[in-house]
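*Asks:* A predicted structure for the sequence below; I have some questions about it.
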Amino acid sequence: MEENNSNHIRLIAFYLGQFHPIPENNAWHGEGFTEWTNVGKAKPLFKGHYQPKVPADLGYYDLRLEEVRVKQAEMAKQHGIEGFCYWHYWFGNGKRLLEKPINEVIASGKPDFPFCFAWANDSWKGIWHGLSKGNMLIEQLYPGDQDIEDHFYAVLDAFKDKRYIRIDDKPVFMIYKALDLPDANKFIKTWQGLALKNGLKGVYFIGQAVHLHEVEKLEKLDLDSINVVRLLYAEQQLSNKYSRFAKRLLKLPRFAKYKNAMKYFIGKEEESPNMIPTIIPNWDHSPRSGTNALILHDAKPEFFDSHVKSVFEVLKKKSPDRRIAFVKSWNEWAEGNYLEPDLRYGKQYLEVLKENLNS
């Protein structure tokens, strides 16, 4: 979905498909578990801590319902989001999780809204996914050449879908931890060859950097772009003796004010044509991990507006075909990281994006 408007900025929002029960989560967490289970049980951990967060317009939805997926897409489109980047799970040997919603989107043709995939190639460990202990739930494996090929053919129908998001006329595929692949360049080369063999012009590979020191290493791979996520970088810049004291002795989570953290969400690295910035509206991982969480406290739409403006200033200096940003995220409710309306702020975050896109 290319755009000829020279002032246009392409916003792609990460999308979590966790909001429906699956057998694995039933076994790990209890019957009927979804992310709403963690969201609903969240409690404030210090004075002024905004928890629990309650969804407004869309409610506690179930992603098995087509009407929910259609409403999400309509809302996103109305506020300037180009498409969703679905977190995609392939653990090796054909093992997938949470694929039901996107499979139904592809099969039904609804919603008529652009999408792409980000491969969340990471093992699931208990404490990060809402359990008290850090035991391994499912391990990310890289079995070899046949698995690389099988993985490609598992997503080929999506790549060929008219709604699939493209850059340089190539389907976009993000890899969360490209540096974890045994041989990332071999993976990329194999997929590029398979793409050409199957009538595509190639695959547009994006590697995600969640630590700034990863950028230099990712640049050595055969990636087309790098998506820089500065959440942990912001935490490092704001870390101080008090926060460490609060964590160890007062048993409080790591927290910082959003308005202070957002200053570190964009930097000189993103000025490069092939570096894609990340827009972060909010963050509070405590529904999943309690006092082990990182919390960006007092995240308000007016602060988000300043952050969006700073990202757009960088993007507008780039050529029109490289004015792209990922939004983290559309619906990561258990990470306190979402654009969807809640009871406190309604659609204000979405309105911020719309107003800045139209200015």
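*Replies:* Done, it's in.

*Asks:* I'd assumed Val105 was in contact with Phe115.
*Replies:* Yes: Phe115 lies in contact with Val105 (C-beta atoms under 8 Å); the separation is 6.9 Å. C-beta: built from backbone N, CA, C; applies to glycine.

*Asks:* Which of those two has more residues huddled nearby?
*Replies:* Looking at Phe115 and Val105 with other C-beta atoms under 10 Å, you find the greater number of neighbours at Val105, namely 25 against 22.

*Asks:* what about that one, which helix or strand?
*Replies:* Using DSSP states H and E, Val105 sits in helix 100-108.

*Asks:* same thing with Val172?
*Replies:* Going by DSSP H and E, Val172 is part of strand 170-175.

*Asks:* What pairs with that strand, parallel or antiparallel?
*Replies:* strand 115-119 (parallel), strand 166-167 (antiparallel), strand 204-209 (parallel) (DSSP bridges).

*Asks:* how about the helices of the stretch 251-359 of the chain, start to end?
*Replies:* Taking DSSP state H, counting those that start in this stretch as the test, the helices found in the stretch 251-359 of the chain are 258-261, 286-289, 301-315, 348-358.

*Asks:* quick one: contacts for Cys48?
*Replies:* Wrong residue type there; residue 48 is Gly, not Cys. His297, Asp298 (C-beta atoms under 8 Å, 6 or more residues apart in numbering).

*Asks:* Could you tell me how far it is located from Thr278?
*Replies:* 26 Å (C-beta to C-beta, to the nearest Å).

*Asks:* do the same with Leu218
*Replies:* With C-beta to C-beta as the criterion, Leu218 and Thr278 are 14 Å apart.

*Asks:* what's stretch 142-159 in contact with?
*Replies:* Residues contacting stretch 142-159 (C-beta under 8 Å, 6+ apart): 88, 90, 92-94, 96, 102, 106, 115, 117, 141, 164, 171, 173, 181-182, 186-187, 190-191, 194-195, 198, 200, 203.

*Asks:* which of those residues count as buried?
*Replies:* Neighbour-count burial (16 or more other C-beta atoms under 10 Å) applied to the contacts of stretch 142-159 gives 88, 90, 92, 102, 106, 115, 117, 164, 171, 173, 181, 187, 190-191, 194-195, 200, 203.

*Asks:* Which of the helices of the stretch 251-359 of the chain has the highest mean neighbour count?
*Replies:* helix 286-289 (a mean of 22; mean count of other C-beta atoms under 10 Å).

*Asks:* I'd like the distance between Phe187 and Leu296.
*Replies:* The value you get for Phe187 to Leu296, if C-beta to C-beta is used, is 34 Å.

*Asks:* circling back: can you name the next helix or strand after the strand holding Val172?
*Replies:* helix 184-197.

*Asks:* CA-only coordinates of that following helix, as CSV, when you get a sec.
*Replies:* Coordinates of each C-alpha in helix 184-197 appear next as CSV, following Å, rounded to 0.1, in the frame of the first residue of the first chain:
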residue,chain,number,x,y,z
ALA,A,184,20.5,-14.9,9.7
ASN,A,185,22.0,-14.2,6.3
LYS,A,186,21.3,-17.8,5.2
PHE,A,187,17.7,-17.5,6.4
ILE,A,188,17.3,-14.2,4.5
LYS,A,189,19.0,-15.6,1.3
THR,A,190,16.8,-18.7,1.4
TRP,A,191,13.6,-16.7,1.7
GLN,A,192,14.7,-14.2,-1.0
GLY,A,193,15.2,-17.1,-3.4
LEU,A,194,11.9,-18.7,-2.5
ALA,A,195,10.1,-15.4,-2.9
LEU,A,196,11.4,-15.0,-6.5
LYS,A,197,10.6,-18.6,-7.2
